[in-house]
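Undergrad: Predicted coordinates and the sequence they were generated for:
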Amino acid sequence: MHIVSAHDVSVELGGLPVLRGINLSLGRGEAVALLGGNGSGKSTLVRSLLGLIPAQRGSIELFGTSLSSFSQWSKVGYVPQRSTGGLSGAKVKEVVASGRLAHRRPFLPASAADRRAVSDALAAVGLSDRAGSEMTHLSGGQQQRVLVARALASTPELLVLDEPTAGVDLEHQQLLAAVLSQLLRSGTSVLVVLHEVGALAGLVNRAVVLREGRVVHDGALSEVVTGHPHHGHEIDEPAHRLGFLNGTVER
Amino acid sequence: MIEMLNYPFMQRALIAAVLTGLIAPAIGIYIVQRRLSLLGDGLGHVAIAGVGLALMTGSAPIPVAVVVSVLGAVLVEILRQRGKATGDVGLAILFYGGLAGGVLMSGIAGAGAGALSQYLFGSLTTVTGGDLALIAVLAVVVLVPTLGLAPQLFAVCSDEEFARVLGLKVRLYNVMVVVLAAITVTLAMRTVGLLLVSALMVVPVAAAQNLVRGFYATLICAMVVGVAVSVGGAAGSFYANTAPGALIVVLAIGVFMLSAAFSVLLARRRTVAPVLPELITDDTIEAPHVAAEEHPHTHVAGCGHPAVQHGDHTDFIHQGHRHAPHADHYDEH
């Protein structure tokens, strides 16, 4: 059984086709990087896989269940692109605790297991000492880690991250890589949207590259990365570096 | 104070004030979080149509106003969810239509616009025993979900997309918030009045945000502020013989201004922490060659990043670390 399985998925936004016949699968314990330039459809794809955007065509299954009847959301962790506007006045601990809600019942207080999951998630991203801080008092990299911890609080079997390294310095990227490799070892599947592979290169099993809403590569990461003496595995600018994938070059 | 309590109408008014002060901020915090601070004001206008309808048909104002403003709230939320209310024009038509309709209907009822005044700005003497019972029931209806479902409502109002991936029924919760806001608005029309009720939903929350940290602490603090200003305003207006709504809101804004001054003082204390001087005097450290992360910005004198002399060159302080220009990139110093 695949953890994520998308077959022939097409999505239109505002009448314009953004995804055209996407096929994608993700197995247990697998780490797949979703790469592509700006506007290639990476975020739209993960958002449609999670049911946040309706797909006009095709079928999506999570954990072997069709998305429309899927209800085991406690198995899914989601780290959206960093936007913490609505969370500004909240404490770090409160934000992370909200990630546990799929396990909780309305009107009942948090159980000991819930509280433990929240403190474990904070410890995993190295922010236990900032639990009582307000979100607005954290740096951008720290806020990003809070959003990762919020997804981890649900102890997910599938973790979906949308550009978690955007605007995050190398040190914090390496910290995220360490957290993710720990999860992968425990059998969690990871689907991560990246603009540049950066510090996460070492843990990605497979790279799926999108261009203009189509999958143009699905295979080893090494096949898409062009060597560069100073940057190793990094893909700084897929639109420039992945020459054969670049629409503007072909035209 | 004691003399005031001898009047049964004043006892009822004070109980109504306590209930209003409790529930208006309890629902207001979610409205503020969703950046819909003026929603309460709009719903107040819709409720005026309900009062007008009640006057015209000779029925009790509160139940009719509750029904009309709840219907208005659901309509507003449906428009919003379908993305049709983005231009605010639809909302404006609904709100001003409510006001105009209310004045028109009360005119037809022969009561004139003046009859509406007690509902617009509150009126202590008009709270009947029956009203109070209804207000108490509605207060429970609002308080149980706003407190009992606080974690869920917090998640939905702070990050709607994330809440959907939690499997929460986001649409249902959003409708619940506006419906509870509509109930609150009508419930508060005897104490604060329909035109000023929105202030009691928003201002105590804003004051609490200045005073305490975190969502739950803000919720509790806002309710305390709400009760204090409502009781203070109701009691004060008894002696000053004014409409209670005005005094309640003036008191709330007074508390907000004090809280703002308090938070400025607090922030000033925090920023005195000596971070930069240590960096500036420290120019003896070995500088290993560590290239900075991808760096589209070019540091020059006066670029906004503080410049610091470091031995024979200049470092720029960039998000808490130091960048030194080196060939075509920056080194971490």
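TA: Sure, I can see it. Numbers count the residues shown, from 1 in each chain, chains lettered A, B, ... in the order given.
Undergrad: Now do the same for residue B:204: helix, strand or coil?
TA: Secondary structure state of residue B:204, per DSSP: H, G, I helix; E, B strand; the rest coil, is helix.
Undergrad: Run through the neighbouring helices and strands of the longest helix seen in chain A.
TA: Secondary structure assigned by DSSP state H gives helix A:170-185 as the longest helix of chain A. Counting contacts by 3 or more C-beta pairs under 8 Å, 6 or more residues apart in numbering or on different chains; DSSP states H and E, helix A:170-185 is packed against helix A:140-152, strand A:189-193. The C-beta positions use only the backbone N, C-alpha and C, and glycine is treated the same way.
Undergrad: Next, the angle from that helix to helix A:140-152.
TA: 10 degrees (axes from the mean of the first three to the mean of the last three C-alpha atoms, to 10 degrees).
Undergrad: Helix A:170-185 to strand A:189-193, inter-axis angle?
TA: With the same axes, to 10 degrees defining the directions, helix A:170-185 sits at 150 degrees from strand A:189-193.
Undergrad: Now tell me what touches helix A:170-185 from outside.
TA: With C-beta atoms under 8 Å, 6 or more residues apart in numbering or on different chains as the test, helix A:170-185 has contacts from A:29, A:31, A:124-126, A:141, A:144-145, A:148, A:152, A:159, A:164-165, A:168, A:190, A:192, A:198-200, A:202-203, B:293.
Undergrad: rerun that using 6 Å as the cut-off
TA: For helix A:170-185, the external contacting residues (C-beta atoms under 6 Å, 6 or more residues apart in numbering or on different chains) are A:31, A:124, A:141, A:165, A:190, A:198-200, A:203, B:293.
Undergrad: quick check, nearest of these to residue B:149?
TA: residue A:124 (28.1 Å; C-beta to C-beta).
Undergrad: show me what contacts that closest one?
TA: Shown in contact with residue A:124 (C-beta under 6 Å, 6+ apart): A:152, A:179.
Undergrad: Next, the one residue in the stretch 151-300 of chain B that gets nearest to chain A: phi, psi?
TA: Taking C-beta to the nearest C-beta, chain A has its nearest neighbour within the stretch 151-300 of chain B at residue B:167, 3.1 Å off. Here the main-chain torsion angles of residue B:167 (degrees, to the nearest 10) amount to phi 80, psi 10.
Undergrad: what number of residues lie near it?
TA: 17 (other C-beta atoms under 10 Å in any protein chain shown).
Undergrad: what's the answer for residue B:130, then?
TA: Neighbour tally, residue B:130, other C-beta under 10 Å: 10.
Undergrad: likewise residue B:100?
TA: Other residues within reach of residue B:100 by the criterion other C-beta under 10 Å amount to 14.
Undergrad: ditto for residue A:170
TA: 17.
Undergrad: before we move on, what about the one 3 residues further on?
TA: Each residue near residue A:173 was counted by other C-beta under 10 Å, and the total is 20.
Undergrad: residues near the closest residue to it other than its chain neighbours, how many?
TA: Take residue A:173 and drop its neighbours on the chain: the residue closest to it by C-beta to C-beta, 6 or more residues apart in numbering or on different chains is residue A:199, 3.6 Å away. Here the count is done by other C-beta under 10 Å, and residue A:199 has 22 residues near it.
Undergrad: Run through the residues that contact residue A:199.
TA: Per C-beta under 6 Å, 6+ apart, neighbours of residue A:199: A:173-174, A:177.
Undergrad: Kindly report the residues of the stretch 51-200 of chain B close to chain A.
TA: B:148-149, B:151, B:155, B:158-159, B:161-162, B:165-167 (C-beta under 6 Å from any C-beta of the partner chain).
Undergrad: now, which of those residues lie within helices?
TA: Using DSSP H, those in helices are B:148, B:151, B:155, B:158, B:161-162, B:165.
Undergrad: Can you flag the buried ones in those residues?
TA: Applying 16 or more other C-beta atoms under 10 Å in any protein chain shown to these, the neighbour count classes B:151, B:155, B:158, B:161-162, B:165 as buried.
Undergrad: returning to that earlier point: of all pairs in the ones in helices among the residues of the stretch 51-200 of chain B next to chain A, which one is the farthest apart?
TA: B:148 and B:161, at 24.0 Å, using C-beta to C-beta across those.
Undergrad: so where's chain B uncertain?
TA: Residues of chain B that meet the criterion pLDDT under 70 lie in B:1, B:84-87, B:270-333.
Undergrad: centroid residue for chain A?
TA: Residue closest to the average C-alpha location in chain A (C-alpha atoms, centre = their mean): residue A:161, at 1.2 Å.
Undergrad: Isn't that residue up against residue A:79?
TA: Yes - assessed by C-beta atoms under 6 Å, residue A:161 is found in contact with residue A:79 at 4.2 Å.
Undergrad: quick one: the strands in chain A?
TA: Assigned by DSSP state E, chain A shows strands spanning A:4-13, A:16-26, A:31-35, A:57-62, A:65-66, A:76-79, A:158-162, A:189-193, A:206-211, A:214-219.
Undergrad: can you tell which of the ones you listed is closest to chain B?
TA: Chain B lies closest, by C-beta to the nearest C-beta, to one member of the strands of chain A: strand A:76-79, at 4.1 Å.
Undergrad: helices or strands next to that closest one in the packing?
TA: helix A:140-152, strand A:158-162 (3 or more C-beta pairs under 6 Å, 6 or more residues apart in numbering or on different chains; DSSP states H and E).
Undergrad: what's the angle from the last one to helix A:170-185?
TA: So the one you mean is strand A:158-162. 160 degrees.
Undergrad: again with the longest one
TA: Calculated by the same axes, to 10 degrees, helix A:140-152 forms an angle of 10 degrees with helix A:170-185.
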